[in-house]
Structure formats: structure tokens, C-alpha cells
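In: Provided below are the primary sequence and the corresponding predicted coordinates.
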Amino acid sequence: SGEGVAAAASMGGGGGATAGKSDPNIVTETQTLLKYEIMDGAPVKGELIPVRLFLRGIPADITPTYHAENNRFAVRYFLNLVLVDEEDRRYFKQQEIILWRKELG
């Protein structure tokens, strides 16, 4: 039992919440960027577990988040959390994260 985090990138056609559901021309590509275990053993109910994600450790070239640029494509990033309890039941949570670049100079 334990807890793990995976960072994933999802790239695909623009559009909104219905993108890819009705239009067969829209392609969505998902890539897992990294996976690691953050805790060994089951957490106590109500326990908070801080997670620090260092972007420099991601082996892929990451870009800022893009939302439907010119209605052509979008790039979104997600943290996927998997919690495994003492009885090997798995619980899943997905959270979108927004990446941006500061102005240089």
C-alpha cells in the first residue's frame, strides 16, 4: 500500500468540453511525463501530504499550458494521484495544473 503521483501531458484539438467526442477529426494524445511513489504505507484519514514537483526533473520538453490556440490545439497538464489502501483497493484523483513562463529580462 502507498501513494503515487504521475504527471501527464494531454495534447489535442482545440474546442471545449466536447472536443474529441463528436468530431472524428480531433485527435488527443496523452503522454506520461514521470511517475514516482511519494509515500510508503497508507495515510491516516485526514492526513495532508505535501507534494513538491520539480519541473527540471521531467525528461520531456514541456511547454506552457495552451487553451484552444486559434481553435487548433490545446496543451494541458495533469497530476494523477493513485492511493492504494491496506486491502489493495485503488483510489484515483486527477488534477489539472497550469504551467506558464515568466517574461524574461
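Out: Sure thing, it's come through. Numbering: from 1, shown residues only.
In: all strands of this protein, in order?
Out: With DSSP state E, the ranges of strands along the chain come out as 2-12, 28-40, 66-69, 73-84, 90-97.
In: Nearest approach to residue 103 belongs to which of these?
Out: Taking C-beta to C-beta, strand 66-69 is the member of those nearest to residue 103, at 17.1 Å. Backbone N, C-alpha and C define where each C-beta goes, glycine included.
In: strands paired with the closest one, and their directions?
Out: Paired neighbours of strand 66-69 in the sheet (DSSP bridges): strand 73-84 (antiparallel).
In: CA-only coordinates of the strand it pairs with, as PDB, when you get a sec.
Out: Taking Å, rounded to 0.1, in the frame of the first residue of the first chain, the C-alpha atoms of strand 73-84 are listed here in PDB:
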ATOM      1  CA  PHE A  73      -4.800  22.800 -30.500                       C
ATOM      2  CA  ALA A  74      -4.600  22.700 -26.700                       C
ATOM      3  CA  VAL A  75      -1.800  21.500 -24.300                       C
ATOM      4  CA  ARG A  76      -2.900  20.600 -20.800                       C
ATOM      5  CA  TYR A  77      -1.100  19.100 -17.900                       C
ATOM      6  CA  PHE A  78      -2.500  16.900 -15.200                       C
ATOM      7  CA  LEU A  79      -1.300  15.300 -11.900                       C
ATOM      8  CA  ASN A  80      -2.700  11.800 -11.500                       C
ATOM      9  CA  LEU A  81      -2.800  10.600  -7.900                       C
ATOM     10  CA  VAL A  82      -3.300   6.900  -7.100                       C
ATOM     11  CA  LEU A  83      -3.900   5.800  -3.500                       C
ATOM     12  CA  VAL A  84      -3.600   2.100  -2.600                       C
END
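In: picking that back up, residue 57 is nearest to which of the strands of the chain?
Out: Judging these by C-beta to C-beta, what sits closest to residue 57 is strand 28-40, at 6.7 Å.
In: For the closest one, name the packing helices and strands.
Out: Contacts defined by 3 or more C-beta pairs under 8 Å, 6 or more residues apart in numbering; DSSP states H and E place strand 28-40 against strand 2-12.
In: 10 Å instead, please
Out: strand 2-12, strand 73-84 (3 or more C-beta pairs under 10 Å, 6 or more residues apart in numbering; DSSP states H and E).
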